[in-house]
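In: have a look at this prediction, sequence included:
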Amino acid sequence: MKVINDLYDYENYKIVQDNEVFKFSLDSILLAEYVTNLKQSDVVLDLCTGNGVVPFILSNYFPNKIVAFEIQEYIVKLAQEGIKLNGLDKQIELIHDDIRVINNYFPGNNFDVVVANPPYFKYHESSLINENENKAIARHEICLNLEDIFKVVKYALKEYGIFYLVHLPERLEEILYLCEKNRIIAKQIQFIYTKGDKNATMVLIKCIKNAKNSVKVFAPLYIGDYKSYKNIFRG
């Protein structure tokens, strides 16, 4: 069932969702909040945009041009409705296609910032996946895997451009390997916890294309301590 909800505590922003198909989660909010200090001329690319949560939140802070890719037709329709509801037609360009063919739309080294909240789980023929195709594609690497993401980022980013990624901590080793392989160098790592006695549930990573190797790992962030996530990394 399609519904229109307030976008958490981002005043005057709406999000179009379908309770049976696709609903955004906290990882999208934290990814958008993790993006800071955009320059006025920066152009942003959002991979796997879903129903547009990350671009909507970014538009709350920045006026920058945002290009968003989403492969699933129905989810694209939800995002398109949200763009119109929020009056963001001039700021957000939504493209319905596979991000692996981004070269059909843009030349290489074209974007200043790339953000991604991709499918988290590896896919094999024996994998247990959701019977709902939309949910399965959003959660599992059926159409896109981590290596694909890094190939796209390497192609799309300008020299010293910035890549922001949210993912599972248990895949950090693979992520760092792909960072080094593609010279998309991890510069900041932020682990996210729900409670003090539990393992990290998410990891946020900021990378820079062709930067020197050095990385900062920040103190754990316990999201259970927050009632609002607005400006959580900006205070």
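Out: That came through fine.

In: all strands for the chain, in order.
Out: 2-6, 14-18, 44-47, 66-70, 92-96, 111-116, 157-167, 184-193, 202-209, 216-217, 221-222 (DSSP state E).

In: tell me which of those strands sits most buried.
Out: Comparing the strands of the chain on average neighbours per residue, with mean count of other CB atoms under 10 Å, the densest one is strand 44-47 at a mean of 27. For the C-beta atoms, the positions are set from N, CA and C on the backbone; glycine is no exception.

In: hang on, the earlier thing: okay if I get the strands of the chain as TSV plus distance to residue 60 and mean pLDDT?
Out: Output for those, formatted as TSV (distance: least, CB to CB, whole Å; pLDDT from 0 to 100):
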stretch	distance to residue 60	mean pLDDT
strand 2-6	13	94
strand 14-18	12	95
strand 44-47	13	98
strand 66-70	12	98
strand 92-96	12	98
strand 111-116	14	98
strand 157-167	16	98
strand 184-193	20	97
strand 202-209	18	98
strand 216-217	26	98
strand 221-222	20	94
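
In: TSV for the ones you listed, including distance to residue 103?
Out: Below are the strands of the chain laid out as TSV (distance: least, CB to CB, whole Å):
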stretch	distance to residue 103
strand 2-6	33
strand 14-18	30
strand 44-47	13
strand 66-70	12
strand 92-96	13
strand 111-116	13
strand 157-167	14
strand 184-193	17
strand 202-209	17
strand 216-217	33
strand 221-222	36
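
In: nearest to residue 174 among the ones you listed would be which one?
Out: Among those, strand 157-167 comes nearest to residue 174, with 9.1 Å by CB to CB.

In: got the contact list for that closest one?
Out: 27-28, 30-31, 34-35, 109-118, 120, 146, 149, 153, 175, 184, 202-211 (CB atoms under 8 Å, 6 or more residues apart in numbering).
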